[in-house]
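> sharing a sequence plus its predicted fold:
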Amino acid sequence: MSSDIQDKNKTYAPLIESQNFVLSERKKGIIFPKTISFDDRNKLHEDLDSMGYGYEDGKWMQKTPHQWGADLTLNRQGYKCYRCDISFAPPNPIAWKLRQIESRRSGAGFHSSKQFADYKNMAAYCEPCYENETSTHPKTIRFKKVKLEHYEKWMEANKWEMLHGSFTFSTLVKRALDELTDSEFFDARIDDILMENDNYKSQAASFLELLEMFNSREDDFDFAAKVRNFFQNYEPLIRPFQSDEQIDSMTTDNESLRNYLKQTRDLDLKYLIKNKLSGYKRYEEQFPEFKE
Ligand SMILES: [Zn+2]
């Protein structure tokens with residue numbers, strides 16, 4: 001009953017939608033916390049919300065980068081603000097926000113696939129710098145009054161209104177600027193699709209590898225063994241785990257950060273190996289201390 005009252009204030013996604021979304025994200029290699037409320041509609045919705053996903057137009061989507069993307073960006077910046085160099089790092093952590101700093105085509109950002117790689121076009125900002133960067137800059141254009149009158153007269157003389165509706169020159173320009181903004185939006189959309197395409201290509205490569213195993217199998221047991229081996233030793237292109245040496249070399253002057261990065265990595269590794277997720281053998285070999 002109480003959940004019905006809540007529903008009036010907030011629309012929760014249907015349970016099955018949310019569950020399917022979790023399953024499809026897991027397939028991509030996203031690790032969800034064990035505490036996620038898989039069987040409770042409202043709670044699961046809130047959990048997904050809090051993890052940076054949003055439910056829009058009947059569809060779950062990623063709204064903010066995964067922690068992995070954030071970690072990679074923060075590592076690259078040495079845990080400092082991209083704009084003003086204020087430090088985010090422990091022992092006095094301050095709040096930060098991520099935003100896209102380049103077009104996705106020139107290097108990709110966070111999107112629904114491959115978000116574990118650092119494409120170097122995300123940046124982390126302290127809150128004041130973030131607010132400053134994200135205040136909107138509407139596109140404008142200025143004409144001298146005398147020219148504007150000239151254009152208006154020309155449009156009138158050429159019966160522009162009859163052909164194209166009741167445009168004045170100003171509304172025509174405004175429409176053109178809107179189109180320009182739209183085309184930027186579509187450019188970003190195209191970038192997304194290109195990224196998705198890359199992801200499909202890499203899936204297709206895995207499929208071909210499996211097909212080759214099938215075609216060259218000695219018998220069904222041979223094939224099954226090869227497939228099992230493939231997934232145990234699978235190397236997801238999108239999940240780099242850093243070795244102690246790599247972390248040390250990045251964090252020479254900051255011990256608390258070094259410890260924090262190692263702890264986070266260790267937790268992820270333990271989870272992956274314990275649950276025998278794709279590629280767990282590969283990570284066991286690379287990090288034998290986590291072998292159970
Ligand atoms: Zn700043």
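On my side now, so go ahead.

> please work out the average pLDDT along stretch 47-56.
Stretch 47-56 comes out with an average pLDDT of 82.

> distance across that stretch, terminal residue to terminal residue?
16 Å (Cα to Cα, to the nearest Å).

> quick one: low-confidence parts of the stretch 51-200 of the chain?
Low-confidence regions of the stretch 51-200 of the chain, defined by pLDDT under 70, span residues 63-68, 90-92, 102-119, 134-140, 159-167, 184, 188.

> that one against the ion: which residues are in contact?
81, 83-84, 126, 129 (Cβ under 5 Å from the ion). The C-beta positions use only the backbone N, C-alpha and C, and glycine is treated the same way.

> what's the PyMOL line that selects buried ones from these?
The following PyMOL line selects those of these that are buried, judged by 16 or more other Cβ atoms under 10 Å:
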select buried, resi 81+126+129
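
> can you put the residues of the stretch 51-200 of the chain next to the ion in a markdown table and add distance to residue 195 and secondary structure?
A markdown table is the format used below for these (distance: Cβ to Cβ, whole Å; DSSP: H, G, I helix; E, B strand; the rest coil):
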| residue | distance to residue 195 | secondary structure |
| --- | --- | --- |
| 81 | 27 | coil |
| 83 | 26 | coil |
| 84 | 30 | coil |
| 126 | 28 | strand |
| 129 | 27 | helix |
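
> and residue 69, how many neighbours does it have?
Other residues near residue 69 come to 23 when the count uses other Cβ atoms under 10 Å.

> so what does the helix or strand harbouring it touch, helix or strand wise?
Per DSSP states H and E: residue 69 is located in helix 67-76. Counting contacts by 3 or more Cβ pairs under 8 Å, 6 or more residues apart in numbering; DSSP states H and E, helix 67-76 is packed against strand 96-100, strand 122-126, helix 255-274.

> hey, which of the ones you listed is tucked in deepest?
strand 122-126 (a mean of 23; mean count of other Cβ atoms under 10 Å).

> list the contacts of that one.
65, 69-70, 73-74, 77, 81-84, 86, 88, 94-101, 109-110, 133 (Cβ atoms under 8 Å, 6 or more residues apart in numbering).

> what's the answer for stretch 273-292, then?
Contacts with stretch 273-292, where a contact means Cβ under 8 Å, 6+ apart, come from 29, 31, 231-236, 239, 241, 243, 266, 269-272.

> mind running it again at 6 Å?
Here stretch 273-292 makes contact (Cβ atoms under 6 Å, 6 or more residues apart in numbering) with 231-236, 269-270, 272.

> if we only consider those residues, which is nearest to residue 171?
Lowest distance from residue 171 to those (Cβ to Cβ) belongs to residue 236, with 51.6 Å.

> distance-wise, check residue 129 relative to residue 80.
11 Å (Cβ to Cβ, to the nearest Å).

> now do residue 49
Noted for residue 49: a distance of 29 Å to residue 80, by Cβ to Cβ.

> can you give me the strands for the stretch 1-150 of the chain?
Residue ranges of the strands in the stretch 1-150 of the chain, as given by DSSP state E, counting those that start in this stretch, are 53-56, 59-62, 96-100, 122-126.

> give me the sheet partners of the third one and which way each runs.
It stands for strand 96-100. strand 122-126 (antiparallel) (DSSP bridges).

> picking that back up, most widely separated two among the residues of the stretch 51-200 of the chain next to the ion?
Greatest spatial distance in those: 83 and 126, 7.6 Å, computed using Cβ to Cβ.

> ok, longest helix in the protein?
Counting residues, the longest helix found in the chain (DSSP state H) is helix 169-215.

> what's the following helix or strand after that helix?
helix 220-232.

> what packs against the longest helix of the chain?
helix 145-157 (3 or more Cβ pairs under 6 Å, 6 or more residues apart in numbering; DSSP states H and E).
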